[in-house]
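A.B. asks: predicted model and sequence below, questions to follow.
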Amino acid sequence: MQTTPNLGLKKPEGTDVVDIADLNGNMNVLDAEVVKKASTTTDGRMSKEDFTKLAGIAAGANNYVHPATHPASVIVQDASNRFVTDAEKAGWNAKASTAVATTSANGLMSAGDKGKLDSAVPTKTTAEITYYVRTDGNDNNAGTANTAAGAFRTIQKAVNSVPQIVNHTVTINVAAGTYSEDVILRNFITGDVFNGFILKAANNNQNATNVNSITFKYCTGRVEASGFTATTNSQEGFIALYTRMSVFTNCFVAAPSASAGIALVSSVGRVQGGAVSNRQVGIISNYYSHLYVQDVEGSGNEIGIYAATGAILCPGGIMPSATTQEFVMQGGAIFPLNGVINPWGDNTHSQRSHARAGRNASLSLANNSWTKVVFDTEWDDQLNEYDPTTGRFTAAVAGIYAIDARILITAMPSTSVMYAAIYRNNIQEQANIVHTSIGNADASVFVSGQVELAAGDYIEVFVLQFSGGTRSVPPSLPTYTNLQVTRIA
């Protein structure tokens, strides 16, 4: 017996016996199939509910095409997913490279360069500062309390803690004891005599507060050391280098040494009190320094006080004793406490000979001919000794006169020769020669010297040029063609 392929209905063949049960079974299958409804997994008849749904769908509704674009607002943003605007992107693109900057390219600053920059910008005080240093202190302390737990251990630590620009009084109080340090105050910019940087020992007794040495270097205001004893025997005990207002008060030096006890080099300052002993030089003012010394004791020095190389030292009261008490050289000067009276017995320069004048008008200079230069514009003439109409200075009193004259000549050819001369009573006294090296250029010739004049003697200045032609002193340049005469003795 065969069956149908879909429902499995039985189909008797011609030789089969027809069984009523088979027919009834086929009818039951067909009856069940007629009312069977389709599901999502099985085919079947459409229910009226599904037909209603289907009838509500428009023609072509299943032909969906996704749009090519849609507004960004349809997308929900969160902390991990955000949009970027054009402005934000442009801002990011405009930022510097993440590479470290070089001398030729912009970039990020390295940590090392930031450190250099911070150290190059000077800091400044905002209020008065007081630090404490003790032998039982610690450099890891704040330095602001006079206790073992609050004070610094070294003076240099306290110095290095002070801002470079000192606009207020800074005081470092140092307790008695020995500090094996060469203390250096360097590059501080301090205030006037009222606002300064003070290193202050606990008392003014010798050997109470000891250091190797103290140096002020490149400071541009008041810096002071008070009450210290320097123990070094290999250098100056106290020295100021290129410092404008250095003060050493009640300081002591006793260790024997070939170096000076206290020294100022290209500085201005004061040494007061204390003592210097056993030094080759007790106190020296050197290289254009100006030093005032008051009541400094001491003994056993080779030279007590010493001024050299254009420096001035002004002693007052007791000075360190020495084999040679005072010594000067190379233009140094030691002045007494009350100052110096000039060689003429007064301190009023207006009572002494001095005249200055310049040439304002042009002056023609013939070739190979001495021509007198009349300085026609008078600036100073204390005793009315210079005549701007004749160019003649006539001494009112006898003495030694310093004379300086310079003359500008226009358009001198190369390899030309110019002379300038001082004439006393119409006789050549001193002369100077100048050879030109640049062609067709203005050139100056000058002459200076000291001339002894009797009362009534007169001075004139003459010029001579060898250029092959007439030349001239240009007009309206008196600062280039001028004369100065000053009595010096």
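C.D. replies: Perfect, I can see it now.

A.B. asks: can we go C-alpha only for contacts and neighbour counts from here?
C.D. replies: Noted.

A.B. asks: can I get stretch 400-409 in PDB? Just the C-alpha atoms.
C.D. replies: Coordinates of each C-alpha in stretch 400-409 appear next as PDB, following Å, rounded to 0.1, in the frame of the first residue of the first chain:
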ATOM      1  CA  ILE A 400     101.900 123.200  36.900                       C
ATOM      2  CA  TYR A 401      99.000 123.000  34.400                       C
ATOM      3  CA  ALA A 402      97.500 119.900  32.800                       C
ATOM      4  CA  ILE A 403      96.600 120.700  29.200                       C
ATOM      5  CA  ASP A 404      94.500 118.500  26.800                       C
ATOM      6  CA  ALA A 405      93.500 119.500  23.300                       C
ATOM      7  CA  ARG A 406      91.900 117.600  20.400                       C
ATOM      8  CA  ILE A 407      91.100 118.700  16.900                       C
ATOM      9  CA  LEU A 408      88.900 117.000  14.300                       C
ATOM     10  CA  ILE A 409      90.000 117.500  10.600                       C
END
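
A.B. asks: what's that stretch in contact with?
C.D. replies: Outside of stretch 400-409, the residues that reach it under the criterion Cα atoms under 8 Å, 6 or more residues apart in numbering are 420, 442-453, 461, 463, 471-474, 480-489.

A.B. asks: mind listing which of those residues are in strands?
C.D. replies: Counting by DSSP state E, the members of the contacts of stretch 400-409 that fall within strands are 420, 442-453, 461, 463, 471-473, 482-487.

A.B. asks: which among those residues count as buried?
C.D. replies: The neighbour-count test (16 or more other Cα atoms under 10 Å) applied to these identifies 420, 442-448, 450-451, 453, 461, 463, 471-473, 482-487 as buried.

A.B. asks: can you show me the strands along the stretch 351-489 of the chain?
C.D. replies: All strands of the stretch 351-489 of the chain, identified by DSSP state E, counting those that start in this stretch, fall at 354-358, 363-365, 371-372, 377-381, 386-387, 392-394, 399-412, 417-424, 427-435, 441-453, 458-466, 471-473, 482-487.

A.B. asks: reformat these as CSV; add mean pLDDT and distance to Phe51.
C.D. replies: Rendered in CSV, the data for those read as follows (pLDDT from 0 to 100; distance: least, Cα to Cα, whole Å):
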stretch, mean pLDDT, distance to Phe51
strand 354-358, 94, 125
strand 363-365, 95, 129
strand 371-372, 96, 136
strand 377-381, 93, 126
strand 386-387, 96, 136
strand 392-394, 97, 138
strand 399-412, 92, 120
strand 417-424, 94, 129
strand 427-435, 89, 126
strand 441-453, 90, 117
strand 458-466, 95, 131
strand 471-473, 94, 125
strand 482-487, 94, 126
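
A.B. asks: of all the ones you listed, which lies closest to Gly91?
C.D. replies: With Cα to Cα as the criterion, Gly91 lies closest to strand 441-453 of the strands of the stretch 351-489 of the chain, at 59.8 Å.

A.B. asks: show me what that closest one is packed against.
C.D. replies: Contact analysis of strand 441-453 by 3 or more Cα pairs under 8 Å, 6 or more residues apart in numbering; DSSP states H and E lists strand 399-412, strand 417-424, strand 427-435 as its packing neighbours.

A.B. asks: could I get the CA-only coordinates of it as CSV?
C.D. replies: Output in CSV follows, covering the C-alpha atoms of strand 441-453 (Å, rounded to 0.1, in the frame of the first residue of the first chain):
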residue,chain,number,x,y,z
ALA,A,441,87.8,110.2,6.4
ASP,A,442,87.5,112.6,9.3
ALA,A,443,90.4,112.2,11.7
SER,A,444,91.3,113.5,15.1
VAL,A,445,94.7,114.7,16.3
PHE,A,446,95.3,115.4,20.0
VAL,A,447,98.0,116.6,22.3
SER,A,448,98.2,116.6,26.1
GLY,A,449,100.8,117.3,28.7
GLN,A,450,101.8,119.1,31.8
VAL,A,451,103.4,122.6,31.4
GLU,A,452,104.9,124.7,34.1
LEU,A,453,103.7,128.3,33.8
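
A.B. asks: what angle do it and strand 399-412 make?
C.D. replies: With axes from the mean of the first three to the mean of the last three Cα atoms, to 10 degrees as the basis, strand 441-453 and strand 399-412 are set at 170 degrees to each other.

A.B. asks: thinking again about what came up before, of all the strands of the stretch 351-489 of the chain, which one is nearest Thr41?
C.D. replies: Nearest to Thr41 among the strands of the stretch 351-489 of the chain is strand 441-453; the distance by Cα to Cα comes to 115.5 Å.

A.B. asks: model confidence for Leu291, exactly?
C.D. replies: The predicted local confidence for Leu291 comes out at a pLDDT of 95.

A.B. asks: go on, Thr15?
C.D. replies: Checking the pLDDT column for Thr15, the value is 81.

A.B. asks: and for the one 5 residues further on?
C.D. replies: The predicted local confidence for Ile20 comes out at a pLDDT of 84.

A.B. asks: OK, contacts around Gln382?
C.D. replies: Contact partners of Gln382, counting by Cα under 8 Å, 6+ apart, are 350-355.

A.B. asks: export those to CSV and tack on neighbour count and distance to Leu199?
C.D. replies: What follows is the contacts of Gln382, written out as CSV (neighbours: other Cα atoms under 10 Å; distance: Cα to Cα, whole Å):
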residue, neighbour count, distance to Leu199
Ser350, 10, 45
Gln351, 11, 47
Arg352, 18, 47
Ser353, 20, 49
His354, 21, 47
Ala355, 21, 50
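
A.B. asks: and the two most separated of those residues?
C.D. replies: Taking Cα to Cα, the two most distant members of these are Gln351 and Ala355; they sit 12.1 Å apart.

A.B. asks: can I assume Asp22 sits in a helix?
C.D. replies: Yes: secondary structure of Asp22 (DSSP: H, G, I helix; E, B strand; the rest coil): part of a helix.

A.B. asks: and the nearest residue to it once chain neighbours are set aside, what does it touch?
C.D. replies: Setting aside the residues directly before and after it, Asp22 is nearest to Lys10 in space (Cα to Cα, 6 or more residues apart in numbering), at 6.7 Å. With contact set as Cα under 8 Å, 6+ apart, Lys10 has these partners: 1-4, 22-23, 26.

A.B. asks: quick one: buried ones out of those?
C.D. replies: Among these, those scoring as buried are Asn26 (criterion: 16+ other Cα under 10 Å).

A.B. asks: in helices, which of the contacts of Lys10 fall?
C.D. replies: In helices, judged by DSSP state H, the following of these are found: 22-23, 26.

A.B. asks: got a markdown table for those residues, with distance to Tyr179 too?
C.D. replies: Formatted as a markdown table, these follow (distance: Cα to Cα, whole Å):
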| residue | distance to Tyr179 |
| --- | --- |
| Asp22 | 128 |
| Leu23 | 129 |
| Asn26 | 124 |
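
A.B. asks: from those, pick the one nearest Met109.
C.D. replies: Met109 has its nearest neighbour among those in Asn26, at 94.1 Å by Cα to Cα.

A.B. asks: my read is that that closest one contacts Leu9, right?
C.D. replies: Yes: Asn26 lies in contact with Leu9 (Cα atoms under 8 Å); the separation is 5.4 Å.

A.B. asks: which non-adjacent residue is nearest Pro122?
C.D. replies: In space, Pro122 comes closest to Gln164 once its chain neighbours are excluded; the distance is 5.7 Å by Cα to Cα, 6+ apart.
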